[in-house]
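Visitor: Mind folding the following:
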Amino acid sequence: MRITNIDREKEILLSHISISPNGCWNWTGSRNSEGYGNTMIGSRRDGSRKTAKAHRVSFFVFTGINPKGYDVCHKCDNPACINPSHLFLGTEKDNMRDMVRKGREPRMPSEKCSSTKLTKDQVMKAKQLKRHGTSYCSLAKMFGVCKSTIRQAVIGETWKELARRPEETP
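Guide: Just a heads-up that it's a prediction; the model follows:
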């Protein structure tokens, strides 16, 4: 990130925030479709002017650490927040782990997934048959899938949306 006047950038950032009770510095300037703030950096004179994400610029100008090659992640999970104490550097993998750990990963219903081999009704039937003693090997043959596929569906490693209901206890 190329910023020539750190103090000026800090001034610009601080003039476009609204502080919330939880300490987030919410960006009040323009935002992209995902809710991240956009700000301009660089100079018109030398042709380096460009749009940058406000939280990345904030991280750089307040910590002095250039985030190039890394994600600037939010502890607060608020894409509009530019508070440097709510931000941390990480790899894309770190960011994905953080998302999963906090339960924010998008979930596609299993039946809509293009690689799904079973239907909801088949999984429900397989769960019922398993409760009555049918082996995974027999279930796999019955539904035309491999043993690990049927086992994962029955125990809930896949098809998480069909989690065991109280009336399904063995």
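
Visitor: buried stuff in stretch 85-96?
Guide: 86-90, 95 (16 or more other Cβ atoms under 10 Å). To be clear about C-beta, it is placed using only N, CA and C from the backbone, and glycine gets the same treatment.

Visitor: Also stretch 99-106?
Guide: When neighbours are counted by 16+ other Cβ under 10 Å, no buried residue of stretch 99-106 is found.

Visitor: before we move on, what about stretch 52-64?
Guide: 52-62.

Visitor: And the helix or strand in which Ile12 is found, how far out from the chain middle?
Guide: According to DSSP states H and E, Ile12 maps onto helix 6-14. How far helix 6-14 lies from its chain's middle: 29 Å, per Cα atoms, centre = their mean, to the nearest Å.

Visitor: now it: mean pLDDT?
Guide: On average, the pLDDT along helix 6-14 is 91.

Visitor: Please list the residues outside the following helix or strand past that helix that contact it.
Guide: Proceeding N to C from helix 6-14, the next assigned helix or strand is strand 17-19, under DSSP H and E. Contacting residues not belonging to strand 17-19 are listed as 25-28, 82 [Cβ atoms under 8 Å, 6 or more residues apart in numbering].

Visitor: I'd like to know which elements the very next helix or strand once past strand 17-19 is packed against.
Guide: Toward the C-terminal end, the helix or strand that comes next after strand 17-19 (DSSP H and E) is strand 25-27. Packed against strand 25-27, as judged by 3 or more Cβ pairs under 8 Å, 6 or more residues apart in numbering; DSSP states H and E, are the following elements: strand 17-19, helix 54-63.

Visitor: coming back round to it: mind listing which of the buried residues of stretch 85-96 are in helices?
Guide: Among the buried residues of stretch 85-96, the members found in helices (DSSP state H) are Asn95.

Visitor: Give me the mean pLDDT for the longest helix seen in the chain.
Guide: Counting residues, the longest helix found in the chain (DSSP H) is helix 120-131. Helix 120-131 comes out with an average pLDDT of 93.

Visitor: Okay, buried residues for it please.
Guide: Neighbour count says helix 120-131 has 122-124, 126-127, 129-130 buried, by 16+ other Cβ under 10 Å.

Visitor: Distance to Arg104 added to those, as TSV?
Guide: Listed next are the buried residues of helix 120-131 as TSV, based on distance: Cβ to Cβ, whole Å:
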residue	distance to Arg104
Gln122	30
Val123	25
Met124	28
Ala126	30
Lys127	28
Leu129	35
Lys130	32
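
Visitor: No further queries at this time; thank you.
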